[in-house]
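Visitor: Following is a predicted model, sequence given first.
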Amino acid sequence: MAENNFTAEKVAITSNNAEHLELFLDILYLEQGVSENTLMAYRSDLDKFCQFLKDKDLLAVSSEDIEAYLAYRVDLGLKSRSTARSISALKRFYQYFVREKAIADSPMLNIAQPKAGQSLPKTLSEAEVEALLAAPNIEEPMGLRDKAMLELLYATGLRVTELVGLRMEQINLRQAVVFVKGKGNKERLVPLGEEAMYWLERFLKVGRAQMIKHATDFVFPSKRGIGMTRQTFWHRIKHYAILASVESPLSPHTLRHAFATHLLNHGADLRVVQMMLGHSDLSTTQIYTHVANERLKSVHEQHHPRA
């Protein structure tokens, strides 16, 4: 059953609970630098829990209430991955109020995450990446911009939000690195690579000046001469995928996934890939080893005479 069943019979959130939510979300944003997308996900998950509680105060919740909520989600047929995200939001919410001594203990202490199968990230073959990178019309400023963006994305594994938000001071052409401030304001330096450097320099010298209509420090301006949204760039990727006849499933992070997978396929160390992706936990990066292993199995089955 769909996630939006939670909103079929909406109950007004009490003023106390609304205050608790806003305080918690403000702290996430101001102190921990959580992104807008993550904040929206937390708000959605916590709103749904409030809908279930109806008039009960969030800070008066017991572990039995949590268990009843999880059972309710099971009855609705919601995916374990979605429930795991809700549990994470609730754990973080109650950890904050324990820290602030608003409650003595978290009702989440004995709540375990549901077991969920680890889904492999969607990625592209090296040939598909080459076709995608060759699709923009580099004779036009916008096409040259898109070419530089795609090359940079594949060369560095940046998140799309990090790419579209790049400012001129984050690019060091002399050292061939890009300085990135990622999730939670964590900073990292990522090498650009020769191909990405070439197209970035070409765009900065030739195309960027033609696109800028007023002063901006965004590396990649939109056609209006201002910063580009990630949605706009996502539409550009889909456009070039059609031109390149790339039929594999795409997501905004497809080239990021390809970056990591292809590095591992060519023998890169997992911890180096972790650093370049900006993952705080190595286990997050390890999923790409599964993708690489699947590729190895496929190649073996296809080409080995006794496979």
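Guide: Now that the structure is in, tell me what you want to look at.
Visitor: Please parse the chain into its domains.
Guide: Domain segmentation of the chain under automatic domain parsing yields 3-99, 126-303.
Visitor: any chance of those in JSON lines, plus mean neighbour count, mean pLDDT and distance to Pro107?
Guide: Quick note: C-beta positions are derived from backbone N, CA and C, even for glycine. Formatted as JSON lines, the domains of the chain follow (neighbours: other CB atoms under 10 Å; pLDDT from 0 to 100; distance: least, CB to CB, whole Å):
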{"stretch": "domain 3-99", "mean neighbour count": "15", "mean pLDDT": "82", "distance to Pro107": "5"}
{"stretch": "domain 126-303", "mean neighbour count": "17", "mean pLDDT": "83", "distance to Pro107": "25"}
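Visitor: Can you lay out those as CSV showing distance to Ala112?
Guide: Output for those, formatted as CSV (distance: least, CB to CB, whole Å):
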stretch, distance to Ala112
domain 3-99, 8
domain 126-303, 17
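Visitor: Relative to Ile111, which of those domains is closest?
Guide: Checking the domains of the chain against Ile111 by CB to CB gives domain 3-99 as the closest, at 5.6 Å.
Visitor: Phe93 against Leu46, yeah?
Guide: Yes - under the contact definition of CB atoms under 8 Å, Phe93 touches Leu46, with a separation of 6.2 Å.
Visitor: any common contacting residues for those two?
Guide: Counting by CB atoms under 8 Å, 6 or more residues apart in numbering, the contacts common to Phe93 and Leu46 are Phe24.
Visitor: on that earlier part again, can you tell me which of the domains of the chain comes nearest to Asn110?
Guide: Nearest to Asn110 among the domains of the chain is domain 3-99; the distance by CB to CB comes to 6.1 Å.
Visitor: Ramachandran angles for Val180?
Guide: When quoted as degrees, to the nearest 10, the phi and psi of Val180 stand at phi -120, psi 140.
Visitor: Any figure for the gap between it and Arg236?
Guide: According to CB to CB, to the nearest Å, Val180 and Arg236 sit 21 Å apart.
Visitor: can you check Glu169 too?
Guide: When distance is defined by CB to CB, Glu169 is 24 Å away from Arg236.
Visitor: do Glu100 as well
Guide: 44 Å.
Visitor: Likewise for Pro252?
Guide: Distance from Pro252 to Arg236, counting by CB to CB: 11 Å.
Visitor: Next: Met142.
Guide: In terms of CB to CB, Met142 sits 9 Å off from Arg236.
Visitor: What values do phi and psi take at the residue positioned nearest the centre of the chain?
Guide: Nearest to the mean C-alpha position of the chain, by CA atoms, centre = their mean, lies Arg159 at 6.4 Å. Dihedral pair for Arg159: phi -70, psi 150, per degrees, to the nearest 10.
Visitor: Would you mind writing the CA trace of stretch 138-154 as PDB?
Guide: C-alpha atoms of stretch 138-154 as PDB (Å, rounded to 0.1, in the frame of the first residue of the first chain):
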ATOM      1  CA  ILE A 138      30.300  21.700 -27.500                       C
ATOM      2  CA  GLU A 139      30.000  24.300 -30.200                       C
ATOM      3  CA  GLU A 140      27.400  26.100 -28.100                       C
ATOM      4  CA  PRO A 141      28.100  27.700 -24.700                       C
ATOM      5  CA  MET A 142      25.300  25.600 -22.900                       C
ATOM      6  CA  GLY A 143      26.600  22.400 -24.500                       C
ATOM      7  CA  LEU A 144      30.100  23.200 -23.500                       C
ATOM      8  CA  ARG A 145      28.900  23.900 -20.000                       C
ATOM      9  CA  ASP A 146      27.100  20.600 -19.900                       C
ATOM     10  CA  LYS A 147      30.100  18.700 -21.300                       C
ATOM     11  CA  ALA A 148      32.300  20.200 -18.500                       C
ATOM     12  CA  MET A 149      29.700  19.300 -15.900                       C
ATOM     13  CA  LEU A 150      29.400  15.700 -17.000                       C
ATOM     14  CA  GLU A 151      33.100  15.300 -17.200                       C
ATOM     15  CA  LEU A 152      33.600  16.800 -13.800                       C
ATOM     16  CA  LEU A 153      30.900  14.700 -12.300                       C
ATOM     17  CA  TYR A 154      32.300  11.400 -13.700                       C
END
